[in-house]
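K.L.:
Sequence below, structure please.
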Amino acid sequence: MQSMTVEERIRELREKINEHNWRYHVLDAPVITDAEFDRLLEELKQLETENPELVTPDSPTQRVGGQPAAGFTPVVHRVPMLSLDNAFGVDDLRDFVRRVRNLAPGASMEFVVELKVDGLAVSLQYEEGLFIRGATRGDGEVGEDITHNLRTVKAVPLRLRRPVTLEVRGEVFMPRSSFLQLNQEREEQGLPLFANPRNAAAGSLRQLDPRVAAERNLDMYTYALGYAPDFKETTHFGALQKLRELGFKVNPQIVLLTEIEEVVSYCESWRGRRYDLPYDIDGLVIKINDLALQQQLGTTAKSPRWAIAYKFPAEQAVTRVEGITVQVGRIGTLTPLAELAPVKLAGTVVKRASLHNEDILREKDVRIGDHVVIQKAGDIIPEVVEVVFSRRTGAETPFEMPSACPACGSEVTRLPGEAALRCLNFACPAQVLERIVHFASRGAMDIEGMGPATVAQLLQAGLLADAADIYNLEDKREALLGLERWAEKSVDNLLLAIEKSKGQPLWRLLYGLGIRFVGARTARLLADHFQSIDNLMAASPEELEAVPEVGPKIARSISEFFALDSSRQLISKLRAAGVNLALQKETAAQGPLEGKIFVITGTLPTYSRDEASRLIEEAGGRVAGSVSKNTDYVLAGEKAGSKLEKAKQLGITVITEDDLKQLLNL
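P.N.:
Numbers count the residues shown, from 1 in each chain. Alright, predicted model coming up:
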């Protein structure tokens, strides 16, 4: 069979990737692994890089990247995006049905009930199946062009499964897990926090740089047709099924009901269940199913008469402040916490709520013994809304923030321009704990099993002093087995996760180091720019500021971090343990040591352990911290210890520094 041309292979790859995207994001039924999908996408990227004239706007590679937009252009909606009237209880729902029956007496009624996802409404335009424009709702008549950002949302198909021309409406939202991670990163960078996932999604779509939106893991459900002259469906429910067939993601919780009492029961059932969802909803939407009847009912100036939004009441609770404690974070920030009489709120029992900082504590005048109104920001984070002053008796006790760190006793200070008090003692045990937890967290080195409780236990047992000591646990198996609640399987799983983390990308390590103001996005930019930890450590503040989005404050923070002896010692220990400290590039595959695993033991004649590790990694090899059957070479110097003995037992090749130089062609 004749081999494919480059153009044919690109076309085939795009079709395969689009098919797998549809199966994953719309059907929730993938047929290949993530790794296989990544390989297809990487091959397409490579071919398009080599043949830029073959890149098309609907290529899967065009979801991320591109140049920042100069601004937002107005977009006129061909069919207005009207707002919905609200129903605040079941009586309002029944009134809605009575109004519809009065306007259309004798008409057969079916109701489509949909979850009201709390996000940002958008309009998507397709010409002959190709996504050409996306816009915000705006004032309902005119929105803003945000096509460059909507292309980054994987649930937005860039080409439909059939070449149809239409306009659809969807709701872009941010999952709760992504919201929490984003706010954590913003807090580390000293940026204002988003109040809820809806604001975060809206803020992401209104970025001029699409790379920002691409980093924020936005999602979308398509919920309605807009302008669709060629659509032959007669019902809203049928139209949603057709949209799903075309490649749009439609919420699986949509139901078709015939009786208003069924609608009432379904809406009420979601008041408690909504917290089981991975995203926020603030109610449900009820629509007349028959599209011809929708046309007959028409609209008011602002809202359709054939639909209504059933809104959940805002969930707040009143409880008593039984105490105020102070928590010390990994960069020394002192955060006051209200210890509450337990109260059920938004599906969980709340026992404490953040008071954020000294200024907010004073502004709200929260005292021990006060009754307070609490709510969950975005139904996630408990916070004190206000004090119920009418219930204050005079017996309440004002709270003063401490002048010394509650964890280590060091003096605390408030740096210029900051709202929070901070402990500047780098060795503060509370900070050490939080730094290690952050280093091992899912967003950083992703070491499963190294949560706060485990880290606290290992610190107390003297098995950890800093994050790099995680990699010494490979040699402390017996000590781990001696700890309470540890068994063979749990130890094996932890050590396996630790070993796996050594190969994490450079940006994850940089983020995991916990440098102030360096979130995940900044870590990626730094890794791409400097290529290795050594280049980053050697960079001047001016060189750091040359990186996009790195300003003087971030540059100063990075320089100060790497100037610390403790930071340099940490990097040295990570290098010795075999943790990846460089950007892994395909060009490294040409190195003479590609794929080989080394273990270094003893003192070498001329190289330090760091220098030898760097030479091995630059040649494509990897340095591990312990000897196993997967080890290819053990580089041994003077006073080599148990690692050399184990290498001999396993029959692994032992080499000297001179042997290494020969392998490196030095």
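K.L.:
can I see the domain layout of this structure?
P.N.:
Structural domains assigned to the chain are 6-63, 86-311, 316-401, 429-575, 586-663, following automatic domain parsing.
K.L.:
Distance to Pro416, mean neighbour count and mean pLDDT added to these, as a markdown table?
P.N.:
C-beta: built from backbone N, CA, C; applies to glycine. Converted to a markdown table, these look like this (distance: least, Cβ to Cβ, whole Å; neighbours: other Cβ atoms under 10 Å; pLDDT from 0 to 100):
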| stretch | distance to Pro416 | mean neighbour count | mean pLDDT |
| --- | --- | --- | --- |
| domain 6-63 | 42 | 14 | 78 |
| domain 86-311 | 13 | 18 | 90 |
| domain 316-401 | 14 | 17 | 89 |
| domain 429-575 | 12 | 17 | 92 |
| domain 586-663 | 37 | 16 | 80 |
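K.L.:
Distance to Gly417 added to the ones you listed, as JSON lines?
P.N.:
Shown next, in JSON lines, are the domains of the chain (distance: least, Cβ to Cβ, whole Å):
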{"stretch": "domain 6-63", "distance to Gly417": "38"}
{"stretch": "domain 86-311", "distance to Gly417": "9"}
{"stretch": "domain 316-401", "distance to Gly417": "12"}
{"stretch": "domain 429-575", "distance to Gly417": "10"}
{"stretch": "domain 586-663", "distance to Gly417": "37"}
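K.L.:
which one of those domains lies closest to Arg422?
P.N.:
domain 316-401 (4.3 Å; Cβ to Cβ).
K.L.:
wait, Asp219 sits on Val172?
P.N.:
Yes - at 7.2 Å, Asp219 counts as touching Val172 under the criterion of Cβ atoms under 8 Å.
K.L.:
Pull up the overlap in contacts between these two.
P.N.:
Here Asp219 and Val172 share the contacting residues Val153, scored by Cβ atoms under 8 Å, 6 or more residues apart in numbering.
K.L.:
mind listing the helices in the stretch 51-200 of the chain by residue range?
P.N.:
All helices of the stretch 51-200 of the chain, identified by DSSP state H, counting those that start in this stretch, fall at 90-103, 147-150, 176-188, 197-205.
K.L.:
Please name the nearest non-neighbouring residue to Phe72.
P.N.:
Closest residue to Phe72 apart from its sequence neighbours, by Cβ to Cβ, 6 or more residues apart in numbering: Glu144 at 3.9 Å.
K.L.:
So the one you found sits against Gly138, correct?
P.N.:
Yes - using Cβ under 8 Å, Glu144 is in contact with Gly138, at 6.0 Å.
K.L.:
Find residues that contact each of the two.
P.N.:
Common neighbours of Glu144 and Gly138, counting by Cβ under 8 Å, 6+ apart, are Pro74, Val75.
K.L.:
Please identify the helix or strand for Val212.
P.N.:
helix 210-214 (DSSP states H and E).
K.L.:
again but with Glu594, I slipped
P.N.:
Short version, using DSSP H and E: Glu594 is in no helix or strand.
K.L.:
if you count residues, which helix in this protein comes out on top?
P.N.:
When the chain is parsed with DSSP state H, its longest helix is helix 6-25.
K.L.:
next one: that one to chain centre, how far?
P.N.:
26 Å (Cα atoms, centre = their mean, to the nearest Å).
K.L.:
Export only the CA atoms of that helix, formatted as PDB.
P.N.:
Backbone C-alpha positions of helix 6-25 (Å, rounded to 0.1, in the frame of the first residue of the first chain) are rendered in PDB as follows:
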ATOM      1  CA  VAL A   6       2.200  14.500   5.100                       C
ATOM      2  CA  GLU A   7      -1.100  16.300   4.300                       C
ATOM      3  CA  GLU A   8      -3.000  13.000   4.400                       C
ATOM      4  CA  ARG A   9      -1.400  12.000   7.700                       C
ATOM      5  CA  ILE A  10      -2.300  15.400   9.200                       C
ATOM      6  CA  ARG A  11      -5.900  15.000   8.100                       C
ATOM      7  CA  GLU A  12      -6.000  11.500   9.600                       C
ATOM      8  CA  LEU A  13      -4.500  12.600  12.900                       C
ATOM      9  CA  ARG A  14      -7.000  15.500  13.200                       C
ATOM     10  CA  GLU A  15      -9.900  13.100  12.500                       C
ATOM     11  CA  LYS A  16      -8.700  10.600  15.100                       C
ATOM     12  CA  ILE A  17      -8.000  13.300  17.800                       C
ATOM     13  CA  ASN A  18     -11.400  14.900  17.200                       C
ATOM     14  CA  GLU A  19     -13.100  11.500  17.500                       C
ATOM     15  CA  HIS A  20     -11.300  10.800  20.800                       C
ATOM     16  CA  ASN A  21     -12.000  14.200  22.100                       C
ATOM     17  CA  TRP A  22     -15.700  13.700  21.400                       C
ATOM     18  CA  ARG A  23     -15.700  10.200  23.100                       C
ATOM     19  CA  TYR A  24     -13.900  11.600  26.200                       C
ATOM     20  CA  HIS A  25     -15.600  15.000  26.700                       C
END
